[in-house]
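[1] Need coordinates for the following:
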Amino acid sequence: MFKSDIEVNYEYIDEPLVILSDVSMKFLGQEVFSDIEMVVNSGDRIAIIGPNGAGKSTLLKIIIGLIEP
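    Now for the predicted structure:
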């Protein structure tokens, strides 16, 4: 049987963790997505779904600050 010694500490944060307002992105003149509005609060579970090329990875890169919209 598998035994884990991992301990998870969870602290609720009262303020939103992520706020996106009117976020749009284009690649080579082609609009990938536009006017994204999103608020993620502590404890939220989110799913980003869509077809290949819809901009899911790009949106995540914007959220973590790797690229700017």
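[2] list the buried ones in stretch 28-38?
    Using 16 or more other C-beta atoms under 10 Å as the test for burial, stretch 28-38 gives residue 33. Just so you know, the C-beta spots here come from the backbone N, C-alpha and C atoms, and that holds for glycine as well.
[3] Low-confidence stretches in this structure?
    1-3 (pLDDT under 70).
[4] can you rerun that using 80?
    The chain contains residues with pLDDT under 80 at 1-6, 8-13.
[5] Which residue ranges of it form strands?
    18-27, 30-40 (DSSP state E).
[6] What is the shortest one packed up against?
    Of the remaining helices and strands, those touching strand 18-27 by 3 or more C-beta pairs under 8 Å, 6 or more residues apart in numbering; DSSP states H and E are strand 30-40, helix 56-63.
[7] The longest one pairs with which strands?
    With DSSP bridges as the criterion, the sheet partners recorded for strand 30-40 are strand 18-27 (antiparallel).
[8] Identify all contacting residues around the strand it pairs with.
    31-40, 55, 58-59, 62-63, 69 (C-beta atoms under 8 Å, 6 or more residues apart in numbering).
[9] what's the residue minimising distance to the centre of the chain in contact with, if anything?
    In the chain, the residue lying closest to the centroid (C-alpha atoms, centre = their mean) is residue 60, at 4.4 Å. Residues in contact with residue 60 (C-beta under 8 Å, 6+ apart) are residue 48.
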